[in-house]
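Participant: Sequence and predicted model, in that order:
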Amino acid sequence: MATKSYSNLHKSSSAWNSAIRNFGIVTVMNAKVYNVLDGMSKTDYLDLTPSSMIGTRTLTELFTDVGGSATAIDFSTLKADGILTLYLAIEPIATLKYLKTANSTQEGPTKTITGGQNASTLLKYGKTARLEMTDALGNAEALEALTGMTVEYFRDNKATPANLKTGASDIIHATTTFASPKTIIGDTFIVDTENGTQCLAYITFYDFLSDSLFNLTQDSEGDATVFDMNGDLNEVKIIIGDADKEDPSQATYGDEGGVLTGVFYTILPQLDYVKDPDALNPAA
């Protein structure tokens, strides 16, 4: 098992490494919404932004660099920084810029084992997690992605209002459709309790399945409604620990070869993962 850490944060700043000993998480900003990449084929991934260059590399090269196989993305073969790199290289479906609150909670256990005198609880297992977000302003793409609303576009390019067809406008429908699982990556920062230093971070919710519920509350006095987007966080298997077990000099940093572990979300420092997918790899 790990000797020093479960995270490969060796190239992150000393400020971050100091702050995570005692810290507070203040806010989540600019939550980016993506389709879940786990299981997506290499072809489908490259089609998301076919002409993108990441530094001097193509998306094809990036896919290979972070451990993608020849045919598909498999989270169980990747660490958190590699997964984050793949997402940050492509355009999100939507961005929630006006979040009021974003609460992630874990509940459990769902199972217990009891025995012995007084039938004492001997073992607990089976955690569940939820993510609850409240946005101050509506966003058509976000409502479609997270609440099961359906947006009907009457334009050739939904990003260009000038392309609206004559006599038509976009429409939002409250349909019976359910939203598919999404990945949400938020900008946040932690505050070091010792000196008040703010350290920027990414928080990655790997597999968020929305309740696909949307309640529209209208006030006759003019108070605007808020947009609630709540749902369950599903467990995703990823690699935690050092992947390079062939380098004996790195053996004390963590689990040689890594450990496959179920996670709900991960908090990482805001390093330049896209340009340097080995940003957390001490052997790089």
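Facilitator: On my side now, so go ahead.

Participant: okay, CA-based contacts and neighbour counts for the rest of this
Facilitator: OK.

Participant: Ramachandran coordinates for the residue with the largest distance to the centre of the chain?
Facilitator: Most distant residue from the mean C-alpha position of the chain: Gln117, 44.3 Å away (CA atoms, centre = their mean). Per-residue torsions, Gln117: phi -60, psi 130 (degrees, to the nearest 10).

Participant: residues in contact with it?
Facilitator: By CA atoms under 8 Å, 6 or more residues apart in numbering, Gln117 lies in contact with nothing.

Participant: So it versus Tyr202, what's the distance?
Facilitator: From Gln117 across to Tyr202, the span is 47 Å (CA to CA, to the nearest Å).

Participant: Same question for Gly186.
Facilitator: With CA to CA as the criterion, Gly186 and Tyr202 are 6 Å apart.

Participant: If you drop the residues flanking it in sequence, what lies closest to Thr43?
Facilitator: Thr71 (7.7 Å; CA to CA, 6 or more residues apart in numbering).

Participant: Distance from the chain centre to stretch 206-224, please.
Facilitator: Computed by CA atoms, centre = their mean, to the nearest Å, the chain-centroid distance of stretch 206-224 equals 21 Å.

Participant: Buried residues of that stretch, list them for me.
Facilitator: 206-214 (16 or more other CA atoms under 10 Å).

Participant: how about the CA coordinates for that stretch, as PDB?
Facilitator: The C-alpha atoms that make up stretch 206-224 are tabulated as PDB, following Å, rounded to 0.1, in the frame of the first residue of the first chain:
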ATOM      1  CA  TYR A 206     -16.400  11.800 -13.100                       C
ATOM      2  CA  ASP A 207     -19.900  10.400 -13.700                       C
ATOM      3  CA  PHE A 208     -22.900  12.600 -12.700                       C
ATOM      4  CA  LEU A 209     -26.400  11.200 -13.400                       C
ATOM      5  CA  SER A 210     -28.900  14.000 -13.200                       C
ATOM      6  CA  ASP A 211     -32.300  13.600 -11.600                       C
ATOM      7  CA  SER A 212     -33.500  15.300 -14.800                       C
ATOM      8  CA  LEU A 213     -36.000  17.400 -12.800                       C
ATOM      9  CA  PHE A 214     -36.600  21.100 -13.400                       C
ATOM     10  CA  ASN A 215     -39.000  23.200 -11.300                       C
ATOM     11  CA  LEU A 216     -39.900  26.600 -12.700                       C
ATOM     12  CA  THR A 217     -40.900  29.000  -9.900                       C
ATOM     13  CA  GLN A 218     -42.200  32.400 -11.000                       C
ATOM     14  CA  ASP A 219     -42.800  35.200  -8.600                       C
ATOM     15  CA  SER A 220     -45.300  38.000  -9.400                       C
ATOM     16  CA  GLU A 221     -43.100  40.500  -7.600                       C
ATOM     17  CA  GLY A 222     -40.300  39.900 -10.100                       C
ATOM     18  CA  ASP A 223     -37.800  37.700  -8.100                       C
ATOM     19  CA  ALA A 224     -36.000  35.500 -10.600                       C
END
